[in-house]
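1. structure, please.
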Amino acid sequence: MKKLHFLIYLGILSFIWACSTEKNTLLSRTYHGTTAHYNGYFNANDLLEEAMKTYRENQKEDYYNVLPVLQLPSEEEVKNMYSPIDTAIAKSTKVIQRHAMPSMEKPAAKKEEHNRWIDENWITIGIANFYRRDYDLAFKNFEYTKKFFSTDKSAYIAEMWMARTYMEQGKFTEANFAITNLEKAQELMENGDSKDSKGKSSKSSKSKKKKNKEKEQAPFPKKLRYDLAITKAIFAEKRKDSEGEIKALTKALEYAKKSKDKARINYILGQLYENAGDRGKAAYHYSRVKKYNAGYEMSFNANLKNALNAGGEKVRKNLKKMLRDTKNAEFKDQIYYTLGKMDQQEADEQSAKANYTRSAFFSTSNDRQKGMAYEKLGDMSFAKKDYLNAQKYYDSCAKVIPETYPNYEGIQNKASKLQSLVNALEIAQYEDSVQRIAKLSGPDQLAFAEGVIKKMKKDEEERKRQDAIRLAALQEIQSKKTSDGSGSKFYWNNEKARSEGFEEFRKQWGQRSNEDDWRRSDKVVFASFTDPSDSSETSNNTPSDITALDSLTPEMLVAKLPVSDSALQASRDRMMNAYFDAGAIYDEQLNETALAEKQYKTMLGQDFEHDMKLMAAYQIYRLHNPEDPEAVAQKDYILINYPTSDYAGYLRDPDYFLKKKEREKLTQEAYLTDLDRYERGLFYPVIMKANAVIADEKDNPYRSKYILLKAMAQAKMNEDKRVILPTLDTLITLYPKTPEADKALEMKKIILNGYSKNEPVDFAKTSIYEYKEGEPMFVLIFLTDKINNVVAKTRVVDFNKEYYGKLRLSVTSKVFREDNVILVKQFSDEMEAASYVSMYKRTRNHLLDMQKMKILFISEKNLLTLFDTNKLEDYQLFFDENY
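-> Numbers count the residues shown, from 1 in each chain. Predicted structure coming up:
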């Protein structure tokens with residue numbers, strides 16, 4: 001018995017000695033090879049394949065753009081894959097450390113490798129680091145494998161992964177060199193110039209040697225042809241070489257074995273051919289996708305793309321059949337969009353518009369698709385010069401598309417520039433309508449108002465009906481998602497369903513308060529006649545301005561009509577200014593002279609007198625050649641009706657404004673001479689000259705200054721200052737709300753009341769303005785009478801687009817002390833506003849002479865105070881003290 005134990009013990013020792021990594025025996029190679037194969041290579045690759053499979057299944061593909069040839073995780077996405085990747089690296093590393101033959105204790109002294117699975121483990125470590133985005137470490141593993149196992153097929157695999165690593169690092173020259181080497185090796189293999197050897201020895205005593213001259217280079221492995229073709233496709237993809245990518249993918253399709261790979265390659269080829277304009281080949285490849293194991297979403301999109309490129313009534317019927325399939329409820333928007341594009345190809349504009357509208361309506365969760373539908377509708381309206389509807393479509397598109405959307409800047413620009421036109425047209429149409437209604441008799445006004453209320457209620461019912469349809473579509477989509485997903489089917493116990501439902505609700509209804517009747521929108525906002533030009537999205541309506549539709553009466557609507565003389569005049573002013581602004585935008589921004597002339601002629605056709613008619617007539621004259629009958633007619637109109645205007649002077653003499661400028665220069669010099677006389681105490685000559693100007697030169701631009709100068713000279717010559725009161729009253733009456741009139745009022749107050757007691761002022765306590773650090777800010781730009789407010793707004797919008805596009809600033813016009821101001825909002829704090837003001841002052845691009853205009857920033861509360869008091873000087877003092 002003791003002898004048997006001794007023999008067993010001796011056998012175990014012999015086996016252990018025989019399995020040493022330093023002994024190149026059949027038993028050692030078999031044991032260490034099997035362990036390296038399954039414990040390392042097999043298990044590690046299984047982990048990597050499972051991790052990548054999970055990533056690709058959860059990855060949301062962007063079918064609106066050409067799909068990437070190879071799906072790789074981003075810097076953020078790969079963090080969720082660290083665990084399986086690191087485990088795979090650890091397994092292969094441990095195998096190399098324990099089962100390399102001979103061992104890796106002295107790597108520099110190692111000249112050969114007897115374990116046939118060690119090279120595969122080196123490559124596995126490199127691939128794992130590649131997926132981990134540690135490209136430097138991955139490259140070192142591939143490079144080592146290529147050099148040490150140079151005569152083995154692993155060298156080709158390593159060089160292929162080196163090429164992919166080079167591409168991820170942006171080293172395209174090195175990547176191209178590696179691909180070229182592999183192509184040459186493949187060509188040799190296919191031409192039969194290399195010997196038909198197996199690269200790896202079978203389970204025999206043959207070993208892998210570094211730079212072993214007695215051993216032939218292994219031929220290019222046939223299994224690698226597909227991976228090399230894919231690598232070439234990735235190279236072409238990154239270089240944006242569509243032709244090269246098509247060529248490489250076509251070759252890859254010949255070598256592809258897996259059904260999923262064939263489906264993906266066919267889909268990408270379809271996209272590339274579609275972009276190249278070859279609809280026939282595109283349709284062919286899209287139709288091939290459904291023959292392979294493609295996912296539902298890829299198959300669905302392939303069907304849509306095939307329909308679009310193949311066309312035909314049969315395809316259209318198939319799309320309509322897809323609309324009736326409940327599993328396509330989530331994709332109705334894409335189906336309708338495809339039908340719309342097919343209608344456009346067949347020049348059926350009416351059907352195309354209807355299908356694009358349905359696409360936008362059913363886009364309950366796909367903002368990209370909704371944006372595409374709105375863009376198409378906007379383009380169709382724009383092409384027909386229906387700019388009113390075009391702006392609304394572009395604006396709707398701009399609100400839902402992300403910054404990565406193709407032509408994002410172009411859509412934002414169109415929506416912004418057309419906004420001013422839409423505002424002007426809507427104001428003009430509204431004012432024209434209310435003026436017409438105001439001319440009706442009392443009973444007719446009430447009857448008309450009753451009709452308006454009936455229509456509003458009908459529209460509200462239609463809106464509710466549409467909301468119900470959309471809500472049903474949302475519920476259908478949610479029901480499908482819940483039935484396909486995991487977890488509790490009871491909605492409130494299913495966290496995934498709840499989160500998805502909340503996101504769907506937000507996209508559909510926006511941010512809503514948690515309150516009763518949150519869906520009620522039956523409110524009517526009465527038009528405000530104080531500032532109808534405000535194009536901001538925020539509403540400043542007070543509760544008294546908002547009335548529920550149910551309680552709205554005809555009398556309430558009629559009460560808002562401009563029936564008094566002052567209200568009618570204000571309405572006419574708004575209408576005429578709006579028509580003129582619309583004409584200027586048509587002419588200057590859209591180059592639509594015919595539509596611009598239509599607006600100006602509408603102004604001339606009004607049955608009341610207005611100063612804006614002169615400007616409208618001149619604009620029509622300017623749009624034509626001087627010899628044209630229309631230009632001659634407008635010239636005669638101006639000369640007959642406005643003979644003393646500057647426009648008439650210019651039409652009589654083209655050098656009128658040059659001569660006028662010369663006259664103004666002489667007038668200025670004369671005034672400065674008289675001012676110098678006053679300073680030198682020559683008061684009597686000053687009074688004589690002022691009297692002459694006041695009496696004989698009523699168009700003298702310095703007439704108000706001469707009146708003030710006369711009063712000051714009189715004050716110097718008389719001890720009783722009350723003698724100048726008539727002169728001051730004349731100035732206040734003739735030139736109200738001017739700096740000279742303000743000065744006259746101040747002098748009059750002092751004469752009548754005397755000086756007030758001189759007391760120190762604590763501005764911190766008496767200021768009507770409040771300073772609060774970190775509050776949102778607006779910017780005010782004060783315009784001069786030398787620039788039209790529409791032109792000014794356009795310049796500021798263009799400036800904002802170029803320098804502050806990401807802030808989404810709103811630009812509106814206001815009236816402050818009878819002058820126009822531009823309001824830019826909104827900035828997060830005074831630092832952001834101050835930066836904007838600084839950039840504005842030092843940038844001439846877009847702004848031109850507006851760069852020198854007065855500009856301030858102000859909080860919302862202080863803005864209201866400023867407009868209430870109309871005292872800019874007080875705010876300027878507060879601004880200087882605090883900012």
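2. longest single strand anywhere in this structure?
-> For the chain, the longest strand by residue count, based on DSSP state E, is strand 819-827.
3. which neighbouring elements make contact with that one?
-> Applying 3 or more C-beta pairs under 8 Å, 6 or more residues apart in numbering; DSSP states H and E, one finds that strand 819-827 contacts strand 777-782, helix 789-803, strand 810-816, helix 830-842. Every residue, glycine included, has its C-beta placed from N, CA and C.
4. comparing the ones you listed, which comes out most buried?
-> Highest mean neighbour count among these (mean count of other C-beta atoms under 10 Å): strand 777-782, with a mean of 21.
5. and the contacts of it?
-> If you take C-beta atoms under 8 Å, 6 or more residues apart in numbering as the criterion, strand 777-782 is touched by 792, 796, 816, 819, 821-830, 832-833, 836-837, 840, 850, 853-860, 863, 872.
6. quick one: buried residues of the longest strand of the chain?
-> Within strand 819-827, the residues that count as buried by 16 or more other C-beta atoms under 10 Å are 820, 821, 822, 823, 824, 825, 826, 827.
7. likewise for stretch 144-163?
-> 144-146, 148-163.
8. just the ones in helices from the residues you listed, please.
-> 144-146, 148, 154-163 (DSSP state H).
9. mind putting the residues you listed into a markdown table with pLDDT and distance to residue 623?
-> Formatted as a markdown table, these follow (pLDDT from 0 to 100; distance: C-beta to C-beta, whole Å):
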| residue | pLDDT | distance to residue 623 |
| --- | --- | --- |
| 144 | 88 | 77 |
| 145 | 87 | 76 |
| 146 | 87 | 74 |
| 148 | 85 | 81 |
| 154 | 89 | 78 |
| 155 | 90 | 76 |
| 156 | 91 | 73 |
| 157 | 92 | 73 |
| 158 | 92 | 73 |
| 159 | 93 | 70 |
| 160 | 93 | 67 |
| 161 | 94 | 68 |
| 162 | 95 | 67 |
| 163 | 94 | 63 |
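10. biggest separation within those residues, which pair?
-> 148 and 163 (18.8 Å; C-beta to C-beta).
11. rewinding a little: and the longest strand of the chain, average pLDDT?
-> Mean per-residue pLDDT for strand 819-827: 88.
12. reformat the helices and strands packed on strand 819-827 as CSV; add distance to residue 30 and mean pLDDT.
-> Converted to CSV, the helices and strands packed on strand 819-827 look like this (distance: least, C-beta to C-beta, whole Å; pLDDT from 0 to 100):
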stretch, distance to residue 30, mean pLDDT
strand 777-782, 79, 91
helix 789-803, 72, 83
strand 810-816, 77, 84
helix 830-842, 72, 86
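13. out of the ones you listed, nearest to residue 271?
-> Closest to residue 271 of these, according to C-beta to C-beta: helix 789-803, at 31.8 Å.
14. so what touches that closest one?
-> 409, 412-413, 416-417, 420, 424, 581, 584-585, 588-589, 781, 783, 807, 809, 811-813, 820, 822, 824, 839-840, 843, 845-848, 850.
15. tell me the angle that helix makes with strand 819-827.
-> 20 degrees (axes from the mean of the first three to the mean of the last three C-alpha atoms, to 10 degrees).
16. got the CA positions of helix 789-803 in CSV?
-> In CSV, the C-alpha atoms belonging to helix 789-803 read as follows (Å, rounded to 0.1, in the frame of the first residue of the first chain):
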residue,chain,number,x,y,z
ASN,A,789,-36.8,101.1,-36.1
VAL,A,790,-37.4,98.1,-38.4
VAL,A,791,-33.9,98.5,-39.9
ALA,A,792,-32.5,99.0,-36.4
LYS,A,793,-34.2,95.8,-35.1
THR,A,794,-32.8,93.8,-38.1
ARG,A,795,-29.3,95.0,-37.4
VAL,A,796,-29.5,94.1,-33.8
VAL,A,797,-30.9,90.7,-34.6
ASP,A,798,-28.1,90.0,-37.1
PHE,A,799,-25.6,91.1,-34.5
ASN,A,800,-27.1,88.8,-31.9
LYS,A,801,-27.1,85.9,-34.3
GLU,A,802,-23.4,86.2,-35.0
TYR,A,803,-22.1,86.9,-31.5
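17. residues contacting residue 786?
-> With contact set as C-beta under 8 Å, 6+ apart, residue 786 has these partners: residue 849.
18. could you check the pLDDT of it?
-> 74.
19. same question for residue 693.
-> 90.
20. got the contact list for it?
-> Counting by C-beta under 8 Å, 6+ apart, residue 693 has contacts 700, 702, 703, 706.
21. mind doing that once more with 6 Å?
-> 700, 703, 706 (C-beta atoms under 6 Å, 6 or more residues apart in numbering).
22. where does the closest residue to the second one other than its chain neighbours land in three-state SS?
-> Spelled out, that is residue 703. Computed as C-beta to C-beta, 6 or more residues apart in numbering, the closest residue to residue 703 that is not its neighbour in sequence is residue 693, at 5.9 Å. Classification of residue 693 using DSSP: H, G, I helix; E, B strand; the rest coil returns helix.
23. residue 857 now?
-> Assigned with three-state DSSP, residue 857 falls in the strand class.
24. quick one: contacts for the residue nearest to it when sequence neighbours are not counted?
-> Nearest non-adjacent residue to residue 857, counting by C-beta to C-beta, 6+ apart: residue 833, 3.7 Å away. Residue 833 is in contact with 777, 779, 827, 857, counting by C-beta under 6 Å, 6+ apart.
25. just the closest of those to residue 754, please.
-> residue 857 (39.2 Å).
26. that older thread, want to throw the buried residues of strand 819-827 into CSV with distance to residue 769?
-> Formatted as CSV, these follow (distance: C-beta to C-beta, whole Å):
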residue, distance to residue 769
820, 23
821, 17
822, 21
823, 17
824, 19
825, 18
826, 18
827, 17
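27. residue 124: which of those is nearest?
-> Looking across the buried residues of strand 819-827 and measuring by C-beta to C-beta, the closest to residue 124 is residue 827, at 54.5 Å.
28. which stretches in the stretch 251-400 of the chain count as strands?
-> With strands called from DSSP state E, counting those that start in this stretch, the stretch 251-400 of the chain shows none.
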